[in-house]
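Q: here's a sequence, model it:
(one chain, ligands or ions: 1)
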Amino acid sequence: MKTGLIGAMREEILLLEHDIENLKIHEIGARKFYEGTINGKEVVMCLSGWGKVAAASTATSLVNLFNVDQLVFIGLAGSLMENLQVGDIVVADQLIQHDVDLSRLDGFPMVKAPFYKKFRFPVRKGAQRRALEAVKQFTYKLHGGEYDGIHQEYNPTIHIGAIGTGDQFIASNKKKEKIVDEYPELFCTEMEGGAIAQVAADYSVPCSVIRIISDNADEDAHDSFARFLFEDISKISVEIARLMFV
Ligand code: ADE
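A: From the prediction side, this is the model:
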């Protein structure tokens, strides 16, 4: 199975470049695609940049130009639930584009694909399982003291649930409440997953999204995000990505 691995920011996945064997780097448009194998498994890794357009463009290239069999996204998200703490990890069972509003078109006759009535994309069970296995392996090794670089007190809880996507960094309680009022099922919010899930649905390939909570999507979100990004994220997300290839 050839995996298209995507991260929005350098810190989230790019260190994995050192693990890729038989590495070939392809420059296509604005992006670099890192193709090779990890533990004998084929991978093409790419940095998407922020937001749904960037994510969709990257995912489409991975499917059409590199023929990947699955898409995997790993990155950070803001918590939308009280019991979801900074550092916790969410594996998506569905992706919802929370900023799409077609309510005024309700009942409008819909045509067939590529149009969607709901911007809600379920994650296939097999893809969920593969992602969850990697995350569980990560916490198992973490508790076994295998990671020197990660803070000793880091003890994340793993959640499986709905992840929201919108083209906004949510950093106020007011904006957060608006999303939660409309979609109380959302665990966290980010800016790419729902777009990758839509491309995956277009092309009928499985996709997994794994998010590590960096902030509470409130007034402190920017500081919390920056702290997390520069201190810990590379070690955590790159390790989880690595474990997708064991
Ligand atoms: N990614 C990490 N934190 C986020 C937030 N608060 N809003 C959107 N995307 C995020």
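Q: tally of neighbours for Val135?
A: As a burial measure, Val135 scores 22 neighbours (other C-beta atoms under 10 Å). All C-beta atoms are positioned from the backbone trio N, CA, C, and that covers glycine.
Q: from the chain's centroid, how far away is the longest helix belonging to the chain?
A: Ranked by residue count under DSSP state H, the longest helix found in the chain is helix 125-143. How far helix 125-143 lies from its chain's middle: 14 Å, per C-alpha atoms, centre = their mean, to the nearest Å.
Q: immediately after that helix, which helix or strand?
A: Per DSSP states H and E, the first helix or strand lying C-terminal to helix 125-143 is strand 158-165.
Q: hmm, back to that, contacts for the longest helix of the chain?
A: 70, 72, 89, 91-93, 147, 150, 154-156, 158, 160, 206-210, 236, 239-241, 243-244, 246 (C-beta atoms under 8 Å, 6 or more residues apart in numbering).
Q: 6 Å instead?
A: Ile89, Val91, Asp93, Ile158, Pro206, Ser208, Ile210, Glu239, Ile240, Leu243, Met244 (C-beta atoms under 6 Å, 6 or more residues apart in numbering).
Q: out of those residues, which are buried?
A: Listed as buried from the contacts of helix 125-143 are Ile89, Val91, Asp93, Pro206, Ser208, Ile210, Glu239, Ile240, Leu243, Met244; burial here means 16 or more other C-beta atoms under 10 Å.
Q: is the nearest residue to Arg120 once chain neighbours are set aside in a helix, a strand, or coil?
A: Nearest residue to Arg120 in three dimensions, chain neighbours excluded: Ile96, at 4.8 Å (C-beta to C-beta, 6 or more residues apart in numbering). For Ile96, the secondary structure call by DSSP: H, G, I helix; E, B strand; the rest coil comes out as strand.
Q: all good on my end, thank you.
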